[in-house]
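Participant: Sequence below, structure please.
(one chain, ligands or ions: 1)
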Amino acid sequence: MMNVTERQAMVVKNDDVVVVGSGIGGLACALSLAPRSVTLITKTPQLQGGSSLWAQGGIAAAVGPNDSPAAHAADTLSAGAGLSNPERTRQLTEEGAASLQWLVQEGIPFDRDLHGALALAKEAAHQFARVAHAGGDTTGQVLIQSLIERVREAPTIKVLEDSFACDLVVRKGRIQGLVAFNRNDGWVFHKAPQVVLATGGIGMAWWHTTNPVEATGDGLAMAARAGARLANLEFVQFHPTAMAVESKKGASLPLLTEALRGAGALLLDESGERFMLTEHPLAELAPRDVVARAIHRKTCAGQRVFLDLRAVLTGEHAAAFPQAIETARAAGFDPYEEPLPITPAAHYHMGGVEVDNVGRTSVEGLWACGEVATTGIHGANRLASNSLLEALVYARRVAGELRRAPGIESGELSSLPKLPDLPSESALDALHELVNKTRDTMSRYVGILRSGDELDIAYSKLANVARNLRDIDTVSSQLQTPAIDVVRQWGEARNLILVARLVTLAAMRRKESRGAHYRDDYPQSRPEWQKQQSFTVDTLRGAH
Ligand SMILES: Cc1cc2nc3c(=O)[nH]c(=O)nc-3n(C[C@H](O)[C@H](O)[C@H](O)COP(=O)(O)OP(=O)(O)OC[C@H]3O[C@@H](n4cnc5c(N)ncnc54)[C@H](O)[C@@H]3O)c2cc1C
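Facilitator: Predicted structure coming up:
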C-alpha cells in the first residue's frame, strides 16, 4: 500500500515539445518536428482515435485538370459566408498540392485513375473534382494507419497512449507544460516550454453527432482555462446525412459521405420526391447548412428523409463507396434495394482556439492545429474536405516554427501544479447526468435552428449545470489513486460543459444568421456582423 506522501507524488517529466492528440494534426506535427524531439500523448489506449480516422470523403487540393488554387479559394470563401480570411485561404489552397505530395512521400496510397494520376472526387460546393481519397471512402483509416506507422518508426517521437491531458500549466503568461494522467504513471507533470494542442472537435456536446466519443472539446476547454483567445465558437457544422439509426444513447451516428451526393445520390422525402429541387439551385449539392436546415425542418414536422444511393452503387462509382455499403448493412439496410433514413448531426467545429497563420495561440508557448484551432479559413462554414487539408498545412507550419525555435528553459517552478479533486465513486452517476443535461440542452436549443429566447434558456440551464458540477461530491486526488477512466470521465465532463457554455454565449452574441449559425429571430446576415467574434473565458464569467 502506498502511504499518503507516495500518493501525492506527481511524476515530473522534462519534455521539449508536447503534442496532444493523434489525429492528422498531432501525427503530422510530430512527424514534421524531426529532428526536434517530441512527446506525443493521446487519451485513447492506442494511437488510433479521433475524427481523422473516420474521414471518408478525402482531402481537397486543386490538382485536377482545369482546377486552380484560385478556384479552390473562391469555393472556400463562398462556403465561409463572408467570414473566411481571404489571405490565409489563398495560402492554404496554394499549399494543397505540396501537402498531398508530402503525404505521398510519407507513403499514403492514394487512389489512382487508369493513367496513374490521383483519382479525384467532386463534392458539394466544389466547382471541380478535387478531393483525393484512399481506399475509396475509407480515407481516414488508410491515412492515419500509414502516419501511425511512420510515427512508430520515428526515433524523435515518444508516444504515450492512455494519457489524458487535463490542464495546461501557465505562469506569467507563458506555457510551462501540462498535467496529464497516464494509465501507468498516474499524475504526470510534463514540464515543457512548447505545447501543441491537436485534440479535435466538440461533437459530443450534441446527441446526434458523427464524431467519435473522443470529441469532447478537451483542448478547447484547456486553452480556455489557460486564458487563450477563442474565436468563431458559434459556428458548428451539422452534416446533413448521418444515418438515422437507433444508436446506443450517446454513441455516434454513422455518416454517409458528401461524396455520395457528389456522385449522384438523391435526397428524398417520405413520398419519394426530391425536395431539394425547390430549396436551392444546386439541389442535393447545395451548401451543407442549406441542406441540413431543409432536412431539419422536415424532421421537425415529423417527416422522415432518405438518401437514395441506388443509382450510385450500380453506376460508374459502384466500387467507390465500400464504407457506405458496410454502414448501411450494419444498420440493417440494403443500399442496393432501398433509400436510407438520414438525419443531420453535429459534425465539425469551425470555431476554436484562435491562432495566427503559423498556429500560434495568444498564450506564449501554446500552439494549436486541426479542428481545435480556428485559423479563420473556414469562416462561418467549412467547405467539405478542407479540414484535413487545413489540419495538415497548419500542423506542418507549427512544426516548422518549432524546429526553428531555440529550446527554451521553462525554468524552475516554485511549486508543482495542484492535483485536482475528483468525483467520489458515488458521484459518478450524477456527473453522467450533468453530461446528459448538457447534451439535451445543446441538442434542443443550440442546434441547427436557433433563436434568442431559446439561447437564453440554454445559457441559464448550462449555468445551472456548471453550478451543479461545482457542488458535486469530490475526493482529493491525494487521498486516493484514481483510475484513468474516472479521471477521463471527470475531465471530459467538465470540458464539455465549459465548451457548451462558451458556444452558447457566442451564439447569443451573434445577432444575425450566417453560414452554419442560423437564428430565427435574425434570419438575415448583417454587415456589422461580418467579423470574427473572439473572446476569452473571462467573457463567460462577466456575462449576464
Ligand atoms: C465521420 C467524419 C467524416 C469526416 N470526413 C472528412 C473528410 O472526408 N474530409 C475532411 O477534410 N474532413 C473530414 N472530417 C473532419 C475531419 O476528419 C476532422 O476535422 C479532422 O480529422 C480533425 O483532425 P484533428 O487532428 O484535429 O483531430 P482528431 O482526428 O479528432 O484527433 C484528436 C486527437 O486528440 C486526442 N485527444 C483529445 N483530447 C485529448 C486529451 N484530453 N488528452 C489526450 N489526447 C486527447 C484524441 O484521442 C485524438 O487522438 C470528418 C469528420 C468525421 C467525424
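Participant: Quick check: residues of the stretch 351-500 of the chain near the ligand?
Facilitator: Contacts of the stretch 351-500 of the chain with the ligand, taken as C-beta under 6 Å from any ligand atom, map to Gly370, Glu371, Val372, Ser385, Asn386, Ser387, Leu388, Ala391. Where you see a C-beta, it was placed from the backbone N, CA and C, and this is true even at glycine.
Participant: nope, the stretch 201-350 of the chain is what I meant
Facilitator: Gly201, Thr210, Asn211, Glu214, Asp218, Gly219, Leu255, Tyr348.
Participant: Going by neighbour count, which of the residues you listed comes out on top?
Facilitator: Gly201 (33 neighbours; other C-beta atoms under 10 Å).
Participant: residues touching that residue, list them.
Facilitator: Contact analysis of Gly201 by C-beta atoms under 8 Å, 6 or more residues apart in numbering lists Ser51, Asn211, Ala215, Gly217, Tyr348, His349, Glu371, Val372.
Participant: could you redo the last one with a cut-off of 7 Å?
Facilitator: Ser51, Asn211, Ala215, Tyr348, His349, Glu371 (C-beta atoms under 7 Å, 6 or more residues apart in numbering).
Participant: If you tally nearby residues, what's the number for Ser426?
Facilitator: Ser426, neighbours per other C-beta under 10 Å, totals 9.
Participant: Oops, could you answer that again for Val503 instead?
Facilitator: Under the criterion other C-beta under 10 Å, the count of neighbours that Val503 has is 25.
Participant: Check what pLDDT the residue lying closest to it once chain neighbours are set aside gets.
Facilitator: Among residues not flanking Val503 along the chain, Leu233 sits closest, at 5.0 Å (C-beta to C-beta, 6 or more residues apart in numbering). Among the per-residue scores, Leu233 shows a pLDDT of 98.
Participant: Next one: Leu233 from Ala380, what distance?
Facilitator: 12 Å (C-beta to C-beta, to the nearest Å).
Participant: Centroid-nearest residue for the chain?
Facilitator: Centroid-nearest residue in the chain: Gly201, 2.4 Å away (criterion: C-alpha atoms, centre = their mean).
Participant: So that residue, which state does it fall into?
Facilitator: Three-state assignment for Gly201 (DSSP: H, G, I helix; E, B strand; the rest coil): coil.
Participant: Phi first, then psi, for whichever residue of the stretch 51-200 of the chain sits closest to the ligand.
Facilitator: The stretch 51-200 of the chain approaches the ligand most closely through Gly200 (2.5 Å), counting by C-beta to the nearest ligand atom. Backbone geometry at Gly200, expressed as degrees, to the nearest 10, gives phi 80, psi -160.
Participant: Quick one: mean pLDDT for whichever helix in the chain runs longest?
Facilitator: Secondary structure of the chain per DSSP state H: the longest helix is helix 484-509. Helix 484-509 carries an average pLDDT of 97.
Participant: Which element is encountered next along the chain beyond that helix?
Facilitator: strand 534-535 (DSSP states H and E).
Participant: from the residues of the stretch 351-500 of the chain next to the ligand, which single one is nearest Ser443?
Facilitator: Nearest to Ser443 among these, counting by C-beta to C-beta, is Glu371 at 19.9 Å.
Participant: picking up where we left off before, just put the residues of the stretch 351-500 of the chain next to the ligand in JSON lines and tack on pLDDT.
Facilitator: As requested, those are exported to JSON lines (pLDDT from 0 to 100):
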{"residue": "Gly370", "pLDDT": "98"}
{"residue": "Glu371", "pLDDT": "98"}
{"residue": "Val372", "pLDDT": "98"}
{"residue": "Ser385", "pLDDT": "93"}
{"residue": "Asn386", "pLDDT": "96"}
{"residue": "Ser387", "pLDDT": "97"}
{"residue": "Leu388", "pLDDT": "98"}
{"residue": "Ala391", "pLDDT": "98"}
